[in-house]
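# coords please:
(chains A and B)
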Amino acid sequence: MEISDLFQVSIDFSQSHLFFPRIIHWLLLIMALMILLFEGIPYLREVRSGRKSLPFTTGSFDSKRVFGTLLLTILYFVSMPYVGELFPNTGLGFLLMSIPYMFALSVLYLHQHDRAHLLRVGLNALIAPVVAWYILAKLFAITLP
Amino acid sequence: MEFLSALDLIYFVLVLSGTLIGIIFGAIPGMTATMAVAVCLPLTYALDLNHGLALLLGLYVGGISGGLVPAILLNIPGTPSSITTTFDGFPMTQKGEGERALKIGIVSSLFGGLFSAAVLFFFAPLLADFAIKFSFVEKFLIIFLALTVIASLSSNLLMGLFSALIGIWLSLIGTYSVEHGGNGDTRLMFGFMQEYLYDGFSLLPVLIGLFGVAHILEEAEKGIHEATKDMQLSLQKGARFSVGVFRNQKINLIRSSFLGTFIGLLPGVGGSAASVLSYTQEKNFSKHPERMGKGAPEGVIASEAANNGLTGGALIPLLSLGIPGDSTTAVLIGAFTLQGIQVGPLFIGENVATWNTMMVGLVAANFMMFLVMFFAIKYIAKVVMVPKYVLYPIIMMMCVVGAYAINYGVMFDVWTLLLFGVGGYLASKFGIEVAPLVIGFILGGQAEVYFVKSLESFGTLTIFFTKSPIAMVLWVFIFISIGFSIYQAVKARRLKQAGKGEEA
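Predicted coordinates:
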């Protein structure tokens, strides 16, 4: 056997879709182990000695705004196609759901809830989707939910 | 002169509006050129290729340039690449020279942009002509080189490579396409996911999610505080702007533009690297290094010429090899695909008219950026104060439009947006870097085809080393880039240990 035989590779066509992903899996595993060895363990040691802290545990984590954003966005995505089906091919699902979504998101992000701020937020939530909807769906005939 | 027919009035109106919107995005702290391009993509769905490109090039140039406004006036970099603009720009504002600093920055930006456009114009076709001769083996090695360069220039080599691998892995989800000689089987998913993921994740929703939604989640975590609240914009007149300030800065201008263009050429390296490098170079070569950081115009010149030099530089690998030079050009690749154009070595030769229109668009965008900013800077400066609670909901809405409309109404693309938004947000907590990941995602599918097909036809791994002299040269580059980053890592570790030794 010659040395060049070591590098011979033959790929079975019916399995060829798994060939490259398998290599990537091995590389990912090797890299993950190396990261654990060179970065992870020294990092954890620093955490234990109190010099560094784990992710998510430092600084201010504004859970209200993060989870609020996620919740509102999920509601928005779920409701859009439903409302859209009531008025097919008009993009109204997008328009009608964007207004409350934007208003709610703005209010969530606001720090002062006085009248002037709420008014500004309300106008923005009303005007921005209408303009976007008009330009995209009406003028450009782009598909919207 | 076939391309002249594409240059109608609308073309220039689109360049102008793109530039204007881009400047606004760039000027608002926390919003970047990448975001501008990603969010405005849906506007191009209805346009043809040339008009779409006009808008996108405007957005790109405007977005990169706008960052200097808050950097100079408020000491907040509007985009990552304008960090070094704050070093000298803000002290100038404090001395009452805000307007002068802005205008110096704008002129330098124009110079950097035009310089890089010229390099692009002459260099990209040469590189493409050279790359046309590449077989699958060299093409695979080019991608491999691109990924090692990205990884070696990211802040941590291991994490950079790991991020790129994750990107490749994500790109493999779906079918091994028959179109590219695959067997048409799906992989990396469960049966019930086939309905949605048969073609894998769509590129644009992934990008919009990673650059738009993830960013908003990061800001939400910090509580959406208005960075610009209670700040005063001061443009009061101190020293007036005059072109004389550039008299001794020719070398600085050219060197910084060149560095910006060169860094832009390297795949996946963001603008901050370019401006930091040229700023430090200016400091090294300056006759008065002690003035730098205290309001020296040369600092603003170095930083701004470099970050606009990026624009043309980053387009070079995109248009000649199909490899995006930075995250903004990664989104541009999506826009090309959308128009049914495959960017790669054949692009320029087969689309000479498009290529020429693009060049006109790029140069026009630079001039319009200059005109808009130079004469309307006082009004644009006010944009910096737009509150985030108004902006972010608009961005979210535009992200949804972009994701939904890309494949003519697939709700799964909108969910992809959220998936990658949340994924990108969480991944950054664990040190995974977005730029290598995105480039891995874009190039992963091609890498697979080139790699597997090379092996299928030659049957041996040695072919990657022995195919041609070009292949060997590429290996030399690959080893240099890995060697460089290992050297950097070792040096950093030594410095750290030396620092610890002093403490003790």
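
# Residue 67: neighbouring residues, count only.
This is for chain A. Other residues near A:Phe67 come to 11 when the count uses other Cβ atoms under 10 Å in any protein chain shown. Glycine gets a C-beta too; all of them are placed from N, C-alpha and C.

# Switch to chain B, please.
35.

# you'd agree it is up against B:Ser82?
Yes. With contact defined as Cβ atoms under 8 Å, B:Gly67 reaches B:Ser82; the gap is 3.6 Å.

# shared neighbours of these two, anything?
B:Asn307 (Cβ atoms under 8 Å, 6 or more residues apart in numbering or on different chains).

# do stretch B:430-447 and chain A meet?
Yes. Stretch B:430-447 is in contact with chain A by Cβ under 8 Å from any Cβ of the partner chain, via B:Phe430, B:Gly431, B:Ala447.

# Now do the buried residues in that stretch.
B:431-447 (16 or more other Cβ atoms under 10 Å in any protein chain shown).

# do stretch A:65-83 as well
A:Arg65, A:Val66, A:Gly68, A:Thr69, A:Leu70, A:Leu72, A:Thr73, A:Tyr76, A:Phe77, A:Ser79, A:Met80, A:Pro81.

# Go ahead and confirm the fifth one touches B:Tyr425.
Right, A:Leu70. No. Counting by Cβ under 8 Å, A:Leu70 stays clear of B:Tyr425, with 9.8 Å between them.

# Mind putting the residues of stretch B:430-447 next to chain A into TSV with pLDDT, secondary structure and distance to B:Thr86?
Below are these laid out as TSV (pLDDT from 0 to 100; DSSP: H, G, I helix; E, B strand; the rest coil; distance: Cβ to Cβ, whole Å):
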residue	pLDDT	secondary structure	distance to B:Thr86
B:Phe430	86	coil	29
B:Gly431	86	coil	26
B:Ala447	92	helix	38
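
# Next secondary structure after the helix or strand of chain A with the lowest mean pLDDT?
Ranked by mean pLDDT, DSSP states H and E, the weakest helix or strand in chain A is helix A:41-48, scoring a mean of 85. Using DSSP states H and E, the next helix or strand after helix A:41-48 towards the C-terminus is helix A:63-86.

# Tell me if that following helix is near chain B.
Yes. Using Cβ under 8 Å from any Cβ, helix A:63-86 reaches chain B at A:Arg65, A:Val66, A:Gly68, A:Thr69, A:Leu70, A:Thr73, A:Ile74, A:Tyr76, A:Phe77, A:Met80, A:Pro81.

# Give the residues shared as contacts by A:Leu70 and B:Tyr425.
What both A:Leu70 and B:Tyr425 touch, as defined by Cβ under 8 Å, 6+ apart, is the set B:Leu217.

# pLDDT weak spots in the stretch 401-504 of chain B?
B:499-504 (pLDDT under 70).

# Which positions in it make contact with chain A?
Residues of the stretch 401-504 of chain B lying near chain A (Cβ under 8 Å from any Cβ): B:401, B:404-405, B:408-409, B:411, B:414-415, B:418, B:422, B:429-431, B:447-448, B:451-452, B:455-456, B:459-462.

# out of the buried residues of stretch A:65-83, which one sits closest to A:Ser49?
A:Val66 (29.5 Å; Cβ to Cβ).

# pretty sure that closest one is touching B:Glu221, no?
Yes. Counting by Cβ under 8 Å, A:Val66 does reach B:Glu221; the two are 5.2 Å apart.

# Just the element for B:Leu53, please.
Per DSSP H and E: helix B:49-66 holds B:Leu53.

# So is that helix next to chain A?
No. For helix B:49-66, no contact with chain A is found by Cβ under 8 Å from any Cβ; the gap never falls below 11.6 Å.

# So which elements touch that helix?
With contacts taken as 3 or more Cβ pairs under 8 Å, 6 or more residues apart in numbering or on different chains; DSSP states H and E, helix B:49-66 sits against helix B:9-27, helix B:33-45, helix B:98-132, helix B:297-321, helix B:327-338, helix B:352-383.

# for these, which one ends up most surrounded?
helix B:297-321 (a mean of 31; mean count of other Cβ atoms under 10 Å in any protein chain shown).

# Compute the inter-axis angle for that helix and helix B:33-45.
Relative orientation of helix B:297-321 versus helix B:33-45 (axes from the mean of the first three to the mean of the last three Cα atoms, to 10 degrees): 50 degrees.

# so how far is helix B:297-321 from its chain's centroid?
10 Å (Cα atoms, centre = their mean, to the nearest Å).

# Same question for stretch B:295-312.
16 Å.

# any low-confidence regions in chain A?
A:1-4, A:55-59.

# any idea which residue sits dead centre in it?
A:Leu70 (9.3 Å; Cα atoms, centre = their mean).

# which non-adjacent residue is nearest that one?
B:Val422 (7.1 Å; Cβ to Cβ, 6 or more residues apart in numbering or on different chains).

# Please give the number of neighbouring residues around that neighbour.
18.

# My understanding was that it contacts B:Ala220; is that so?
No. Taking contacts as Cβ under 8 Å, B:Val422 lies outside contact range of B:Ala220: 11.5 Å.
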